[in-house]
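Trainee: What follows is a protein structure lacking sequence information:
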Ligand SMILES: Cc1cc2nc3c(=O)[nH]c(=O)nc-3n(C[C@H](O)[C@H](O)[C@H](O)COP(=O)(O)OP(=O)(O)OC[C@H]3O[C@@H](n4cnc5c(N)ncnc54)[C@H](O)[C@@H]3O)c2cc1C
Ligand SMILES: Cc1cc2nc3c(=O)[nH]c(=O)nc-3n(C[C@H](O)[C@H](O)[C@H](O)COP(=O)(O)OP(=O)(O)OC[C@H]3O[C@@H](n4cnc5c(N)ncnc54)[C@H](O)[C@@H]3O)c2cc1C
């Protein structure tokens, strides 16, 4: 955390000084977000980082979510929480999924035994663990963060979207009409430059655009319950998959706090036109079924904190914004949908909340760049393209998973097949496999060999380093905050310590002095040199030897009203580790590599240090000066 | 964190349900704390863990500290913050002291060069780093914690203690009179069972007992300032000691936030009756002096956040409570003093805040045990004895340190002597060397060889383990929270997995079933089995092999209104580490060892697993049933 740049100030550094703007409850805004689920709150939290953007977030319910819904938080989401600045709160409260157990009937078809027990997340896949925490608590952390921002953003509850219209020629093209649920016969009208529908599976925003969720419902009926129970099942505090001989299967997810447990229980398939409600599922039914599957182990449920029953549906929407593919060349979007509003999944792979948050983490910085005049509105097309491809891929994965999960394993071989699938897709469910196709903001990976472990189109995979200025060991990803900035990460070649004439010095010199440098072109007059593009360097020398004095000026930039020096731009390998970041991420030690990292931590380009034209060309593709 | 034991509840699990007691602003209380410095707040936070204890904390100032004073937080204090539940907040905001640089004039007496650069804290000394954070922020974290407690404890500001009297025979023996600084000519009278004077170096509580701080003032004059500055001194973000040829020395402490720096600057010694104020020290003088010492490096101070000038004084009080040594046998204390009220130090070793907090961490659980009827009031004598010995030792250390720091090194050899001293005492300043003498609550270390790295009388030195129930890797110390409970930590012998007839099973059986077991004797009827003495076990088998089913019942206790099972009592070695906890802490693998750990994390006794008489004898020495 860096603070006091513009003078010492007292109190909690995570609470921003209030901005003097108009109140956020204005009826003319830059971005209007409909819905306070994970998608809406991630977007609101992201936008709250920019005091100059006027955001409102509106929700039908009368207050924050208190209980239930999703609970699985993939490694990638925890990485994102770190960028938002509250990962440590999640890590402290959550249950950590360390291992997974697989239970099956004994050879003779009776009872249950533990057939396998594996590590949940492959070693080194992420610097963050896979954890379980109530969706309600995740919401709380976002709400806290929004409330600490300069604009003190808080949701407006009791507002139900009833109508949405667009007039492309207006300065605020979208008009939204809300029914005020706390005041009879009252409506509120809000006009916005952009509206984002984060209003869940029955999205009114989606309907207003005439889009529909497509795909077949899988007709499997599942029940979920959060319980406090006493059992002699030994793995009750491990994530466990139990496939019984005759009674179906169950997924056990231990919950935060040490006592509560979530159980996902398979119920009988739905037939014909039957709907979930027709079954009259009750908590008692779920408990009885769970007891049957767990037998011969006992299950004595003492308290049901929450429960629900639903049909699994894997569905996705054709477009995530209001521009038909045929019109992409002539207009840019004003209305977007995100999260369950444009794709739904079974909860089996625990993706619903994670993918919804990833949607708006993708969208947030793009909206901010356009609104702040940094990027061309064309950038906004990439949201629907990138996230729809991801959603479709996920739907396929999810469908396979759900099928395997529900199919009664006929024999040990089939059961093992399930386990194999489960293991293989650990990377996938960890959320770190997302890969965006080449576009304006994702270069074709011509130079991938310079950093083979840092894949273009994928999230920046962190590794440990030592910060030169203060010798602090940290994860390099800790430098990539959710602040809307681009990062250039320079991995210096062997022997390059910034001396004159070397690649590092030449590159830094270009970046800070050349009129064609993106840093020069796109940083507004009077702003800090790293306010739009933040340059960091990782050198190969030990931090004990490297001399600060020989570093290029760009890596010791002077900032703020006092021209103080920022000492947090340069990193060295962590000598205490067997493998350093160059080894771990396959970086060409001889030539080094230059990474362009997007504000959402995805790698946009890997290139040689000396391809200055390539560098400026990339930014010129979408940035505005 | 464990929660939901007595039923699911929504919201932040760190916020306790409010108790229905009377408001805390009552004028009759169990404990009255005078002063909101680190000592007072640590005590208040500790006592706020007990809803049944009525505590008030009263402060002369009109509100919380906002700026200045101490900033060094020793490893041991961070360990303590972890027990209080806010270490992660400190770790996130603070500057981490990773290395220390030593600067001296060049051989020819001109300029400056870095003579050495060392690791600040020896590897493995603590699981926590040495950090730097404003004392004001530490106060904030305590205030937050108090405010979240069941009693919603908040300080009463604007109250100056003017008189304190004791009537040993009264139910509430101590009467305190406060001047209300926010209401002219008003006083408030509070009566208490115990009063703790945490009212700083000029303590009114100390004076009311007729005690005085003794020791000579060292007559060295020092200035300290927190500044935002631009300099070309390369180690400005490292803790640095700079000893100039002719201008004295300076200690640089980088501060949190990446930009601010604290400088401790030596000024000329005071002569005769001269007082600090006589010098008319100004911030400008400090800046000029710092510039001289740092030359040839430049120093351009842009903003002074805080500064102060003071004379170094190493002084300590004869007793830390109101019982003369001659009367120890016949009465127990009602009034205590802690922190600067009973000992003062130069800030050089950064001990003031740390030792003050350690004082009241020592006292808090003792007061709580006595007030809750768990322990005999005799226990209270140990506070003055334990902490006074510590303070005296520290004064000696501090005096040496200050002398070395101020002495102009005549030659390289002398300068090196300073560095050697500095290194050697890293353990000391880390706060982990405190060792209490044998007493009621610290056994003579007859069996130290069973766990040679877990020293009786010293703080429990943590090591990594895997929790059996959920396979979570953690530090064993994370199980020792500041909740007033005693811990029995059972290190099982080789091959002992809890099977019948083994040492572990026999011990657990004794603890849960035998009328002479301290767990049985001292746990009040109707309370959870671990509410007074919390039993944990570390086994030698891998967590993947160990069977939960064969563990003794005591290690899977049923708790709370529903009789839920607590799965967090058993730990296994961390297989991913080269050395496991048995190696790291020198535990006898063959025989195992039983540790008794005090509520303040100090080790009270190391003994064989089968010495059941020794175990009960220890608790019988001071506990009440
Ligand atoms: C009842 C329920 C149970 C679930 N259980 C699980 C589970 O067990 N496991 C799992 O992994 N996932 C579960 N999910 C899915 C998971 O919660 C979602 O995938 C995730 O919340 C999607 O986030 P979102 O922000 O896109 O939408 P949501 O979280 O659905 O948020 C949409 C928000 O928009 C609001 N809204 C809707 N319409 C309007 C309107 N017209 N005007 C204003 N506001 C509106 C809603 O009130 C809601 O707060 C469950 C979802 C629901 C609804
Ligand atoms: C001005 C100052 C500068 C310091 N600078 C440094 C430094 O640079 N480096 C360093 O390591 N340490 C420094 N210290 C020392 C460090 O702050 C102390 O060692 C530490 O705060 C001791 O904690 P404490 O709780 O015992 O006492 P204090 O922090 O002194 O707290 C005592 C509290 O009691 C209150 N009080 C006093 N009398 C009364 C009364 N009659 N009635 C009610 N309330 C009363 C005071 O207002 C104060 O809030 C400084 C201390 C001071 C006062």
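Mentor: On my side now, so go ahead. If you're wondering where the values come from, they're calculated on a predicted model, not measured in any experiment. Ligands and ions are numbered 1, 2, ... in the order given.

Trainee: average pLDDT across the single longest helix found in chain A?
Mentor: For chain A, the helix reaching the highest residue count under DSSP state H is reported as helix A:381-406. Across helix A:381-406, the average pLDDT comes to 84.

Trainee: the helices in chain A, which residues?
Mentor: Along chain A, the stretches classed as helices by DSSP H are A:38-47, A:75-84, A:87-93, A:135-148, A:204-209, A:283-294, A:352-371, A:381-406, A:412-424, A:426-429, A:503-513, A:518-522, A:581-584, A:612-620.

Trainee: Select, out of the ones you listed, the one closest to residue B:462.
Mentor: helix A:87-93 (17.1 Å; CB to CB). Every residue, glycine included, has its C-beta placed from N, CA and C.

Trainee: rewinding a little: weakest of the helices of chain A in terms of mean pLDDT?
Mentor: Across the helices of chain A, helix A:412-424 gives the lowest mean pLDDT, at a mean of 72.

Trainee: could you check the angle helix A:381-406 makes with that helix?
Mentor: The directions of helix A:412-424 and helix A:381-406 differ by 150 degrees, with axes from the mean of the first three to the mean of the last three CA atoms, to 10 degrees as the criterion.

Trainee: roughly how far out does helix A:412-424 sit from the chain middle?
Mentor: Here helix A:412-424 is found 28 Å from its chain centre; the criterion is CA atoms, centre = their mean, to the nearest Å.

Trainee: what's the answer for stretch A:272-281, then?
Mentor: 34 Å.

Trainee: before we move on, what about stretch A:434-444?
Mentor: Stretch A:434-444 has its C-alpha centroid displaced from the chain centroid by 17 Å (CA atoms, centre = their mean).

Trainee: Same check on stretch A:327-334?
Mentor: 26 Å.

Trainee: try stretch A:246-264
Mentor: With CA atoms, centre = their mean, you get 25 Å for stretch A:246-264.

Trainee: returning to that earlier point: so which other helices or strands are in contact with the longest helix of chain A?
Mentor: Judged by 3 or more CB pairs under 8 Å, 6 or more residues apart in numbering or on different chains; DSSP states H and E, helix A:381-406 is in contact with strand A:217-231, strand A:249-254, strand A:315-317, strand A:343-344, helix A:352-371, helix A:412-424.

Trainee: change it to 7 Å
Mentor: strand A:217-231, strand A:315-317, helix A:352-371 (3 or more CB pairs under 7 Å, 6 or more residues apart in numbering or on different chains; DSSP states H and E).

Trainee: Could you list the buried residues of that helix?
Mentor: For helix A:381-406, burial by neighbour count (16 or more other CB atoms under 10 Å in any protein chain shown) applies to A:381-388, A:390-391, A:394-395, A:397-399, A:401-402, A:404-406.

Trainee: what residues does chain A put near ligand 1?
Mentor: A:34-40, A:58-61, A:68-70, A:72, A:135, A:160-161, A:198-200, A:204, A:224, A:308, A:339-341, A:347, A:350, A:352-353, A:356 (CB under 6 Å from any ligand atom).

Trainee: List the ones among the residues you listed that fall in strands.
Mentor: A:34, A:58, A:72, A:160-161, A:224, A:308 (DSSP state E).

Trainee: May I ask which of these has the most neighbours?
Mentor: Neighbour counts for these peak at residue A:34, which has 30 neighbours (criterion: other CB atoms under 10 Å in any protein chain shown).

Trainee: Going by neighbour count, which residues in stretch A:223-241 are buried?
Mentor: Quick answer for stretch A:223-241 (16+ other CB under 10 Å): A:223-231, A:233-241.

Trainee: hmm, I was thinking of stretch A:558-576
Mentor: Under the neighbour-count criterion of 16+ other CB under 10 Å, stretch A:558-576 has A:559, A:562, A:564-574 buried.

Trainee: Looking at those, which is nearest residue A:300?
Mentor: Nearest to residue A:300 out of the buried residues of stretch A:558-576 is residue A:574 (CB to CB; 49.2 Å).

Trainee: Surely the closest one touches residue A:580?
Mentor: Yes - the criterion here is CB atoms under 7 Å, and residue A:574 meets it with residue A:580 at 6.4 Å.

Trainee: give the contact list for the one residue sitting closest to the centre of chain A.
Mentor: By CA atoms, centre = their mean, chain A has its centre lying nearest to residue A:358, at 3.4 Å. Residue A:358 sits next to residue A:431 when contact means CB atoms under 7 Å, 6 or more residues apart in numbering or on different chains.

Trainee: what does the one 10 residues further on give?
Mentor: Residues in contact with residue A:368, defined by CB under 7 Å, 6+ apart, are A:47, A:50, A:53, A:484.
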